[in-house]
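Colleague: Based on what follows, work out the 3D shape:
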Amino acid sequence: MFNGIINVYKEKGYTSHDVVAKLRGILKQKKIGHTGTLDPDATGVLPVCLGKATKLCDMLTDKDKTYEAVLLLGTTTDTEDMTGTVLESKEVTASKEEIITAIMQFIGEYDQIPPMYSALKVNGKKLYELAREGKVIERKPRKVWIHSIDILDVNYDTKEIRMTVSCSKGTYIRSLCRDIGEVLSCGGCMKSLVRTKVSRFVIEDSFKLEEIEALVKAENIEKHITAIDDMFTEYEAVIVDEKFNKLIYNGNAFHISNIIEKEDGIHTEYVRVYDSLGQFIGIYEYQLEEELFKPRKMFL
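Modeller: Numbers count the residues shown, from 1 in each chain. Okay, the predicted model is just below:
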């Protein structure tokens with residue numbers, strides 16, 4: 001069984017669940033999970049967790065992401081992208097400078113109302129399921145953070161703006177496009193979306209499903225799977241003395257005296273813990289006053 005994270009390039013037409021299902025067949029293992037939904041029409045980076053790394057799914061979902069999107073001004077749809085029904089078309093009267101100013105004002109924290117066509121649940125039912133039934137319900141705005149927006153091109157003839165957006169978890173680029181259109185009083189929707197980065201995973205290093213299948217057949221896939229502990233390189237490594245291996249195998253806390261001595265002490269709140277053989281065990285929290293390491297996420 002493979003354990004780690006593989007950087008998948010999700011192609012157009014696939015759902016994130018489709019990718020997981022196909023990978024289960026390619027890798028011949030069931031324990032696989034994705035790290036955040038990408039719409040079927042969107043493409044790009046989809047980190048997929050394998051084996052023991054499925055415990056990382058929620059942690060990677062929480063990571064910042066970067067997208068390249070095309071905003072189409074003057075068109076409003078029910079899905080907030082081009083897959084939906086056009087609700088309104090308006091003339092775009094704003095100048096190029098006004099468009100840029102409107103876009104840039106979204107940098108920072110803002111309250112975003114998620115789209116009806118989304119996988120968010122209300123009373124146990126997904127919003128898109130309600131939307132397909134013709135129901136529109138009130139959605140509470142959620143705080144999201146737009147770290148940066150880089151405008152790559154403004155095509156005033158086609159009313160298309162190509163931009164790179166770096167943002168927090170829970171941000172809908174479709175809804176950002178909608179909100180920019182509202183500020184400009186002409187409406188707007190998302191024409192296309194490519195996710196270019198999730199945490200450390202970038203599009204240049206991603207693999208299409210057919211490429212992964214070829215790597216498996218060539219028995220060359222392992223070197224393209226990111227090890228679980230490589231996701232925590234910002235934490236110090238701690239190696240437990242051989243006599244205390246059993247303690248950590250059973251998920252117990254252990255004292256600083258149980259580790260192979262670190263001359264300069266412990267400098268991070270969380271640490272990567274390894275047994276005496278160098279096998280990664282999990283993430284522990286270091287309690288300075290008690291000089292105790294307590295388990296937080298076990299991967300053994």
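Colleague: Just give me the neighbour total for residue 90.
Modeller: The local packing of residue 90 (other CB atoms under 10 Å) involves 15 other residues. In this view, the C-beta of every residue, glycine as well, is placed from N, C-alpha and C.
Colleague: what's it in contact with, if anything?
Modeller: 74, 76, 185, 186, 187 (CB atoms under 8 Å, 6 or more residues apart in numbering).
Colleague: Wait, the fourth one touches residue 88, no?
Modeller: What that stands for is residue 186. No. Applying CB atoms under 8 Å as the test, residue 186 and residue 88 come out as separate, 9.4 Å apart.
Colleague: Which one's more surrounded, those two?
Modeller: Higher neighbour count among residue 186 and residue 88: residue 186, with 21 against 11, using other CB under 10 Å.
Colleague: before we move on, the earlier item: generate a markdown table for the contacts of residue 90, with pLDDT as supplementary columns.
Modeller: Shown next, in a markdown table, are the contacts of residue 90 (pLDDT from 0 to 100):
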| residue | pLDDT |
| --- | --- |
| 74 | 96 |
| 76 | 95 |
| 185 | 96 |
| 186 | 96 |
| 187 | 95 |
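Colleague: Closest one to residue 108 out of the residues you listed, please.
Modeller: residue 185 (21.8 Å; CB to CB).
Colleague: Please report the distance of the closest one from residue 78.
Modeller: Taking CB to CB, to the nearest Å as the measure, residue 185 falls 19 Å from residue 78.
Colleague: Mind checking which of these two has more residues around it?
Modeller: Using other CB under 10 Å, the more surrounded residue of residue 185 and residue 78 is residue 78, with 16 against 11.
Colleague: For that one, which non-adjacent residue is spatially closest?
Modeller: Spatially, and ignoring its direct neighbours in sequence, residue 78 is nearest to residue 84 (4.4 Å; CB to CB, 6 or more residues apart in numbering).
Colleague: any chance you could read off phi and psi for the one you found?
Modeller: phi -90, psi -170 (degrees, to the nearest 10).
Colleague: Which residues are in contact with residue 298?
Modeller: 55, 251, 281, 282.
Colleague: any idea how far it lies from residue 252?
Modeller: Distance of residue 298 to residue 252, computed by CB to CB: 11 Å.
Colleague: try residue 291
Modeller: Residue 291 is 15 Å from residue 252, by CB to CB.
Colleague: Same check on residue 39?
Modeller: Relative to residue 252, and taking CB to CB, residue 39 is found at 44 Å.
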